[in-house]
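Participant: Generate a structure from the sequence data that follows.
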Amino acid sequence: MSNPLNSPLEVGMRVLMILVEAFPAHLDINRLVLLDHGLLHSADLNGPESLHPPIPVRVGELGVKRQHIEDGLHVMIRAGLAEMSPEDSGIEFWASESSESFLKLLESEYARALHDRAHWVVEELGAVDDARLRERMREISSHWAEEFEVMQHESGNDI
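Facilitator: This next block holds a predicted model:
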């Protein structure tokens, strides 16, 4: 593995933290994409300090995040830490019974920060209906577009 950032293992660990916090709820991939984004960029949602820097046009992350999360979920499922099943509404994922015990083994400062953000994002958005969740994400992404336009103007590269 040449780059551990956004590797299937790293993304899988983040998603597993979300699933453990949401347990016993079952979450679909769309909700996991949005919750993971909120976990990393929590300050955008008026939450705790973001774990990742507030780079302009981070809305682009959402375009590749789904595949990263699917890859991460496959790692967690193969390890027996997450489960999935097809439902009428689509495929849903949840933490296995051993997930919480496994996550308690992680003692790094970053792991604790991830856990704190996972707890926060599930409390903040876990029970929000899909329409409201997407609305919150659209509000945030509209600010990113404004930030990008300001950067373009300041650098003299008007669009």
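Participant: what pLDDT does the residue most central in space within the chain get?
Facilitator: Centrality entry for the chain: nearest residue to the mean C-alpha point is D36, 0.5 Å, by Cα atoms, centre = their mean. D36 is assigned 92 on the pLDDT scale.
Participant: Would you quantify the distance from it to E100?
Facilitator: From D36 across to E100, the span is 18 Å (Cβ to Cβ, to the nearest Å). (C-beta placed from N, C-alpha, C; glycine too.)
Participant: R138 too?
Facilitator: According to Cβ to Cβ, R138 and E100 sit 33 Å apart.
Participant: And the two? Which one has more around it.
Facilitator: E100 (16 against 10; other Cβ atoms under 10 Å).
Participant: residues in contact with that one?
Facilitator: Residues in contact with E100, defined by Cβ atoms under 8 Å, 6 or more residues apart in numbering, are 20, 23.
Participant: Thought V11 was touching the residue nearest to the centre of the chain, still the case?
Facilitator: Yes. Here D36 reaches V11: they are 7.4 Å apart, a contact under Cβ atoms under 8 Å.
Participant: how about the helices in the chain?
Facilitator: 8-22, 29-40, 61-78, 99-103, 109-125, 130-154 (DSSP state H).
Participant: Mind giving me the packing neighbours of the fifth one?
Facilitator: Right, the one you point to is helix 109-125. Under the contact definition 3 or more Cβ pairs under 8 Å, 6 or more residues apart in numbering; DSSP states H and E, helix 109-125 sits against helix 8-22, helix 29-40.
Participant: how does it look with 10 Å?
Facilitator: If you count contacts as 3 or more Cβ pairs under 10 Å, 6 or more residues apart in numbering; DSSP states H and E, helix 109-125 packs onto helix 8-22, helix 29-40, helix 99-103, helix 130-154.
Participant: Would you mind checking the average pLDDT for that helix?
Facilitator: On average, helix 109-125 scores 94.
Participant: Now do that helix against helix 29-40, angle only.
Facilitator: Angle of helix 109-125 versus helix 29-40, following axes from the mean of the first three to the mean of the last three Cα atoms, to 10 degrees, is 120 degrees.
Participant: what's near enough to touch the residue nearest to N6 when sequence neighbours are not counted?
Facilitator: Leaving out its chain neighbours, the residue that sits closest to N6 by Cβ to Cβ, 6 or more residues apart in numbering is H68, at 5.4 Å. For H68, the contacting residues are 6-8, 10-12, 14-15, 33, 36, 61, by Cβ atoms under 10 Å, 6 or more residues apart in numbering.
Participant: With that, I have no additional questions.
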